[in-house]
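Enquirer: predicted model and sequence follow; I will ask about them next.
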Amino acid sequence: MSVISNNCKVFYCIVIGLVTLGLTHTQDDPPPCSQNYECMPIPECKDMDSIDIIYPCDENSICCPTINKSSSNESTITSRISVLPSNCGIVTSTNRIVGGDLAAIGQFPWMALLGYMQKGIPFVQFLCGGSLITKEHVLTAAHCISIDTRLKLEVVRLGEYNLEVGEDCDGTFCTNSTDFSIANIVVHDGFNKTSLENDIAIVKLKQFVEFTEFIQPICLPIIDIGIDYTLTINKKLTVSGWGKTDSANIGGSSRLLYTTVVVWDTRKCNASVPPKTRPIRDSQLCANGVRKQDACKGDSGGPLINSTIVNGDFKYYQVGVVSFATALTCGNVELPTVYTKVEYFLNWIITNIS
C-alpha cells in the first residue's frame, strides 16, 4: 500500500488477489413453471415484455411464455427486464472515447470503487472495483466483500476518475465523485473461496443514484434483439480500473486505466490456472491482454465489457467480473486472468435486485 500526497482525497490501494469470505446467502428453490410457460435460459426467452412477474425455474433460467409470442423488429432493442434501467451502457460524449491506456473522464461512467475501513486507520482504503447496474445496485466479486477480517466494506464511490484530486477537470468541464453508504450485500451462496467458483456479489446502496454524464449504469447481456453475445475465442473485450500496473506498483494508479483483452480457449486456460481453481467452469471466462497488458489495468470485482452498435450509437454491456489473475507478474501473455461470466448469473442477478 502507498499513501498519496497531502492534496489527495483518501488513502487508496487497488489490488488483484485472492481473499477470503465468510458471508453466505440462501435462496428458496425456484417454483416450477405453470401451463403455457417453459423453463428456458434468459437469453432464449424472446417474450419478456409479456411477463408481469419473473419466476426463476433453474440456474440462469426463467419461466417463459410458450404461446402468443409477439413479433419484434430485429433492428430495435426490445424485451428488457423491467428491474434493469432502460438506458444503460451509454457514454454521452463521443470525444471521451480515446485511445491509449489512460481513460478519459466519463469514458467508463459505470465504474465503482469499493471502500473499506480498518480499525485504527481514519481513512477509506479502496481495494476493489465494481460496476453500477441499476440506480441502487453495484455488481462486484464475492471475494471483495471480506478481503481481510480487519477490513469492513463501508462505501461505494461512483463518478471517480483521479484519486489524487478533489475535483476532476478536463478543460471545459469539471466533475466530483460521490460516496454512497451500503444498505445490503448479497453474496452468491455457491461461492467457493478456494476455487473462486461463483465469485459474484451485489451491493445495494442506501440512496438512489442520480444518473449524470459521469455516472451511468452498464447494460447486462440480456435479450437485446439483434445483439450477438457469443464470446468466441480471440474476441476483443475491454477491462478498466485503477488496478496495479505491474508487480512492483502495489498502490495502483491514481487515474482510471483501461486495456484490451482477448478471450482464451477454455482448454488452454485449464492448463494454465492453479490446480485448486480447476476446472474452469461454464460460469467462468478466461482472457488475457494484448501488448503485454491485462487485468492489472483493472480491479478485482471490476467489469469486463463489450460494445455493440445500436441505431448508429455505441452501447456497452458487461460480460465478466474480474475474479483472479493466474500470473504473478502482470502482462504475462502465457497466463490468463479469470472472470466470472455475467450471462451465466443473469437469473441470480435479476432475482436479487427485484
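Expert: That came through, no problem.

Enquirer: surely Cys269 meets Glu334?
Expert: No. The criterion here is Cβ atoms under 8 Å, and Cys269 misses it with Glu334 at 11.4 Å. In short, each C-beta sits where N, CA and C put it, glycine included.

Enquirer: more neighbours, the two?
Expert: Cys269 (24 against 8; other Cβ atoms under 10 Å).

Enquirer: part of a strand, is that one?
Expert: No. Using DSSP: H, G, I helix; E, B strand; the rest coil, the assignment for Cys269 is helix, not a strand.

Enquirer: excluding its backbone neighbours, what's nearest it?
Expert: Cys286 (3.5 Å; Cβ to Cβ, 6 or more residues apart in numbering).

Enquirer: kindly report the same for Ile218.
Expert: That would be Trp110: by Cβ to Cβ, 6+ apart, it lies 3.8 Å from Ile218.

Enquirer: who's in contact with the strand or helix carrying Asp179?
Expert: For Asp179, the enclosing helix or strand under DSSP states H and E is strand 178-187. With Cβ atoms under 8 Å, 6 or more residues apart in numbering as the test, strand 178-187 has contacts from 21, 23-25, 115, 124, 136, 142, 145, 153-159, 201-207, 209, 215, 352.

Enquirer: can you list the strands that the first helix or strand past it going along the chain pairs with?
Expert: Later in the chain than strand 178-187, the nearest helix or strand by DSSP H and E is strand 201-205. Strand 201-205 has the following sheet partners, assigned by DSSP bridges: strand 137-140 (antiparallel), strand 178-187 (antiparallel).

Enquirer: chain center to the strand holding Asp179, what's the gap?
Expert: Centroid separation between strand 178-187 and its chain, computed with Cα atoms, centre = their mean, to the nearest Å, is 15 Å.

Enquirer: give the buried residues for that strand.
Expert: 178-180, 182, 185-187 (16 or more other Cβ atoms under 10 Å).

Enquirer: what does the average pLDDT come to for it?
Expert: Here strand 178-187 scores 97 as its mean pLDDT.

Enquirer: follow-up on the earlier one: adding distance to Ile305, write the buried residues of strand 178-187 out as CSV.
Expert: Converted to CSV, the buried residues of strand 178-187 look like this (distance: Cβ to Cβ, whole Å):
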residue, distance to Ile305
Thr178, 22
Asp179, 23
Phe180, 22
Ile182, 24
Ile185, 23
Val186, 22
Val187, 23
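
Enquirer: in the sheet, who's paired with the nearest residue to Gly289 once chain neighbours are set aside?
Expert: Distances taken as Cβ to Cβ, 6+ apart put Val261 closest to Gly289, at 4.9 Å, once the chain neighbours are dropped. Beta bridges link Val261 to Leu237, Gly289 when assigned by DSSP bridges.

Enquirer: mind giving me the packing neighbours of the worst-scoring helix or strand of the chain on mean pLDDT?
Expert: Across the helices and strands of the chain, the lowest-confidence element by mean pLDDT, DSSP states H and E is strand 56-58, at a mean of 75. Contacts defined by 3 or more Cβ pairs under 8 Å, 6 or more residues apart in numbering; DSSP states H and E place strand 56-58 against strand 61-65, helix 346-353.

Enquirer: following the first one, which helix or strand shows up next?
Expert: Using DSSP H and E, the helix or strand that directly follows strand 61-65 along the chain is strand 111-118.

Enquirer: that next one: which residues count as buried?
Expert: Result for strand 111-118 [16+ other Cβ under 10 Å]: buried residues 111-117.

Enquirer: quick check, nearest of these to Ser323?
Expert: The nearest member of these to Ser323, counting by Cβ to Cβ, is Leu114 at 14.8 Å.

Enquirer: these two touch, right, the closest one and Gly302?
Expert: No. Using Cβ under 8 Å, Leu114 is not in contact with Gly302, being 9.7 Å away.

Enquirer: before we move on, the earlier item: tell me the confidence at the residue nearest to Gly289?
Expert: 90.

Enquirer: next, count neighbours for it.
Expert: A count of nearby residues for Val261, using other Cβ under 10 Å, gives 25.

Enquirer: test my guess that it contacts Val239.
Expert: Yes. The criterion here is Cβ under 8 Å, and Val261 meets it with Val239 at 5.6 Å.

Enquirer: list residues touching both of Leu114 and Gly302?
Expert: What both Leu114 and Gly302 touch, as defined by Cβ under 8 Å, 6+ apart, is the set 128-130, 140.

Enquirer: JSON lines for those, including neighbour count?
Expert: Listed next are the shared contacts of Leu114 and Gly302 as JSON lines, based on neighbours: other Cβ atoms under 10 Å:
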{"residue": "Cys128", "neighbour count": "29"}
{"residue": "Gly129", "neighbour count": "28"}
{"residue": "Gly130", "neighbour count": "30"}
{"residue": "Thr140", "neighbour count": "30"}
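
Enquirer: report the beta-bridge partners for Ser131.
Expert: Under the criterion used (DSSP bridges), Ser131 bridges to Met111, Leu139.

Enquirer: my guess is it contacts Ala141. True?
Expert: No. Contact criterion Cβ under 8 Å: Ser131 and Ala141 do not qualify, at 10.7 Å.

Enquirer: who touches both of those two?
Expert: Counting by Cβ under 8 Å, 6+ apart, the residues touching both Ser131 and Ala141 are Val321.

Enquirer: more neighbours: the two, which one.
Expert: Higher neighbour count among Ser131 and Ala141: Ala141, with 30 against 24, using other Cβ under 10 Å.

Enquirer: residues in contact with the closest residue to the more buried one other than its chain neighbours?
Expert: Spatial nearest neighbour of Ala141, chain neighbours left out: Gly301 (3.9 Å); criterion: Cβ to Cβ, 6+ apart. Going by Cβ under 8 Å, 6+ apart, Gly301 touches 114, 128-130, 140-141, 143-144, 201, 321-322.
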